[in-house]
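K.L.:
Could you look at this predicted model? Sequence included:
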Amino acid sequence: IATAVLISLGLLLVAVSALGFGRGYVINEYMDNMLNSANEVAHSASAIAEEESLNSWRLGMILTSVSQATGNHIFITDENDRVVCCCDSFPFCRHYYKIIPESISSVTLSGEIYQGRMMLDGFFDGERLIVGVPIADSENGTKLIGTVIVSTEPNSIFSPWKPFLLILLTIWALVLAMVLIFAFGFSKRMAKPLDEIAEASRSFARGDFSVRVAQHSDSSDEMGALIESFNKMADSLQNAEKRRSEFISNVSHELRTPMTTISGFADGILDGTIPKDNQEKYLHMIKQEVDRIRKLIVSMTEASSLAHIDPELMEKFNIKDMITDIKDNLEPQLNEKNITLVTAIDESTDNMVYGESQQLCRVLVNIISNAVKFTPVNGTIKVTTEPDNKERKMMIYVEDSGPGVEKEKRNRVFESFYKTDPSRK
């Protein structure tokens, strides 16, 4: 709203400046017209004075006609600065024989034109626009015999403009009202989603990530893009919170069994429930559970490192060489079950890829090791690479001749700590 008011005030300032400039222009134009009228009267007065005098009734009729046509007041003074002829009829004229100010006569009787605005005390009430033109003798052009004075009230010039100014002011007021109404509606429209975003943020601070901001506008505009980004952030926060909760739950579940076992065996050894000749056996079982916890912690660390890409570890490497090295390292396990590991490497490219080689190697070793574990004796494992030029990726497939994962369990194989066989430690 404040912006709308400032814009409206700016428009008003521009309008006032334009009116001020226009007012000056109108006054200058009007005074030029007054000068033209004064020159015409001066020529007529010079011609009539050749046969008659400057107070001729015929000259008075000319002054009256010109005054009525232009709306200006006109009178003529003689060389002694006294008014001798006026546009008002003689009985009604109150200016006869009055002396005009010397500031005017000193200019006109020297042959110059006077233009200005001043008070004509004794002639009119209030300030007047005045044009004074000298009257030259028709026979001797250098001799000045009087002055034509044309005057008008400044406000009378703008009388025809008053309706226009009133209309202009009314239009401005209507525009201002419309701008304020539009600005108020627009600000409310903009403030509503911002208020919802603020309220949603407070909900996030309380731990509730289920709140979403409704889309009030086209998602292509700034507010729509902001709401869409905010909701995506909320989805990410909610998913992160869900993963955190699931992680804590899974870790708690995975630690509960070995910790219970360790606690039970330790208590049995301490309170004598387990005989001394069996204590070594149970100490080995405690060590096995401790090793299990250690492996769990290592797995958690690896899962955390896989979830975050470290730019410093990104490098170029040959995927074919990596798969060959993994095959060589797993040869003892493969020979133990007489499993054949077949590689189908795409030879149409140089097989150079970009990524975290150590992490990818760890993942492939894990997957192929599991394949070895679940592939029957004399089985086959196949590792295939296939470049996806459109996505700029190298696809790696690991297939085995084992029983596979049950269809209803396949969607969960990438969940942390999930086992298709719950009884397997």
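P.N.:
Ah, there it is. Residues are numbered from 1 along each chain as shown.
K.L.:
So the residue of the chain most remote from its centre, which state does it fall into?
P.N.:
For the chain, the largest distance from the centre (CA atoms, centre = their mean) belongs to Glu51, which lies 81.8 Å off. Local secondary structure at Glu51 is given as coil here, using DSSP: H, G, I helix; E, B strand; the rest coil.
K.L.:
got a list of what it touches?
P.N.:
Counting by CB atoms under 8 Å, 6 or more residues apart in numbering, Glu51 touches no other residue. Any C-beta I mention is one placed from the backbone N, CA and C, and that applies to glycine too.
K.L.:
Please enumerate the strands of the stretch 301-425 of the chain.
P.N.:
According to DSSP state E, counting those that start in this stretch, the stretch 301-425 of the chain carries its strands in the segments 315-318, 340-344, 352-355, 380-388, 393-400.
K.L.:
buried residues in the second one?
P.N.:
Right, strand 340-344. By neighbour count on 16 or more other CB atoms under 10 Å, the buried set for strand 340-344 is Leu341.
K.L.:
Give the rounded mean pLDDT of it.
P.N.:
Model confidence over strand 340-344, given as mean pLDDT, is 91.
K.L.:
Give me the residues contacting it.
P.N.:
Outside strand 340-344, the residues that touch it by CB under 8 Å, 6+ apart are 323-324, 327, 330, 334, 368, 379-385.
K.L.:
Just list the residues touching Thr77, thanks.
P.N.:
Thr77 sits in contact with Val83, Val84, Ile100, Ser105, Gly146, Thr147, Ile149, where contact means CB under 8 Å, 6+ apart.
K.L.:
What is the most widely separated pair among these?
P.N.:
Val84 and Ser105 (13.3 Å; CB to CB).
K.L.:
With Thr380 as the reference, measure out to Glu406.
P.N.:
Separation of Glu406 from Thr380 (CB to CB, to the nearest Å): 21 Å.
K.L.:
okay, these two: which has more neighbours?
P.N.:
When neighbours are counted by other CB atoms under 10 Å, Glu406 and Thr380 differ, and Thr380 comes out ahead with 15 against 8.
K.L.:
List the residues that contact that one.
P.N.:
Ile339, Thr340, Leu341, Val342, Asp400, Ser401.
K.L.:
give me that answer again for 7 Å
P.N.:
Ile339, Thr340, Val342, Ser401 (CB atoms under 7 Å, 6 or more residues apart in numbering).
K.L.:
if we can go back for a sec, give me the pLDDT value at the residue farthest from the centre of the chain.
P.N.:
The model's pLDDT for Glu51 equals 83.
K.L.:
Trp172 now?
P.N.:
So, for Trp172, pLDDT stands at 72.
K.L.:
and Thr142, helix, strand or coil?
P.N.:
coil.
K.L.:
Apart from its chain neighbours, what residue comes closest to it?
P.N.:
Spatially, and ignoring its direct neighbours in sequence, Thr142 is nearest to Ala136 (7.4 Å; CB to CB, 6 or more residues apart in numbering).
K.L.:
Distance check, the one you found against Arg392.
P.N.:
98 Å.
K.L.:
Compare the two and say which is more crowded by neighbours.
P.N.:
Ala136 (19 against 9).
K.L.:
before we move on, back to that, tell me the contacts of the residue nearest to Thr142?
P.N.:
Taking CB under 7 Å, 6+ apart, one finds Ser46, Lys143, Leu144 in contact with Ala136.
K.L.:
and those residues, which are buried?
P.N.:
Buried among these by 16+ other CB under 10 Å: Ser46, Leu144.
K.L.:
could the contacts of Ala136 go into TSV alongside pLDDT?
P.N.:
Listed next are the contacts of Ala136 as TSV, based on pLDDT from 0 to 100:
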residue	pLDDT
Ser46	89
Lys143	85
Leu144	88
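K.L.:
Same list (the contacts of Ala136) but as TSV, adding distance to Arg117.
P.N.:
Shown next, in TSV, are these (distance: CB to CB, whole Å):
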residue	distance to Arg117
Ser46	27
Lys143	30
Leu144	24
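K.L.:
ok, so of the contacts of Ala136, who is nearest Glu79?
P.N.:
Nearest to Glu79 among these, with distances taken as CB to CB, is Leu144, at 6.7 Å.
K.L.:
For that closest one, which non-adjacent residue is closest in space?
P.N.:
Nearest one to Leu144, counting by CB to CB, 6+ apart, is Pro134 at 4.9 Å.
K.L.:
Could you do Ser401 as well?
P.N.:
Closest to Ser401 by CB to CB, 6+ apart is Gly379, at 4.2 Å.
K.L.:
What about that neighbour, how many residues nearby?
P.N.:
Using other CB under 10 Å, Gly379 has 17 other residues around it.
K.L.:
For it, give me the pLDDT.
P.N.:
The model reports Gly379 with a pLDDT of 93.
K.L.:
Can you give me the distance of it to Thr340?
P.N.:
Going from Gly379 to Thr340 by CB to CB gives 8 Å.
K.L.:
same thing with Ala45?
P.N.:
With CB to CB as the criterion, Ala45 and Thr340 are 131 Å apart.
K.L.:
Ok, Glu246 next?
P.N.:
38 Å.
K.L.:
Just the pLDDT for Leu330.
P.N.:
We have a pLDDT of 88 for Leu330.
K.L.:
gap between it and Arg362?
P.N.:
For Leu330 relative to Arg362 (CB to CB), the value is 13 Å.
K.L.:
Could you check which of these two has the larger neighbour count?
P.N.:
Ranked by neighbour count (other CB under 10 Å), Leu330 and Arg362 place Leu330 first, with 18 against 14.
K.L.:
tell me the contacts of that one?
P.N.:
Ile368, Ser369, Val372.
K.L.:
from those, which single one is nearest Leu283?
P.N.:
Nearest to Leu283 among the contacts of Leu330 is Ser369, at 29.3 Å by CB to CB.
K.L.:
any idea how far that closest one lies from Phe164?
P.N.:
From Ser369 to Phe164 the distance is 93 Å (CB to CB).
K.L.:
So between these two, which is more surrounded?
P.N.:
Neighbours around Ser369 and Phe164, counted as other CB under 10 Å, are more numerous at Ser369. The numbers are 13 against 10.
K.L.:
Quick one: residues contacting that one.
P.N.:
By CB under 7 Å, 6+ apart, Ser369 lies in contact with Leu330.
K.L.:
from now on call the first residue 14
P.N.:
Sure, I'll start numbering at 14, so the last one becomes Ser382.
K.L.:
correct me, but Ile380 touches Tyr410?
P.N.:
No. When contacts are counted by CB atoms under 7 Å, Ile380 is not listed as touching Tyr410 (10.2 Å).
K.L.:
quick revisit: show me which of the contacts of strand 353-357 are buried.
P.N.:
Ile336, Lys340, Leu343, Leu347, Ile381, Gly392, Ile394, Val396, Thr398.
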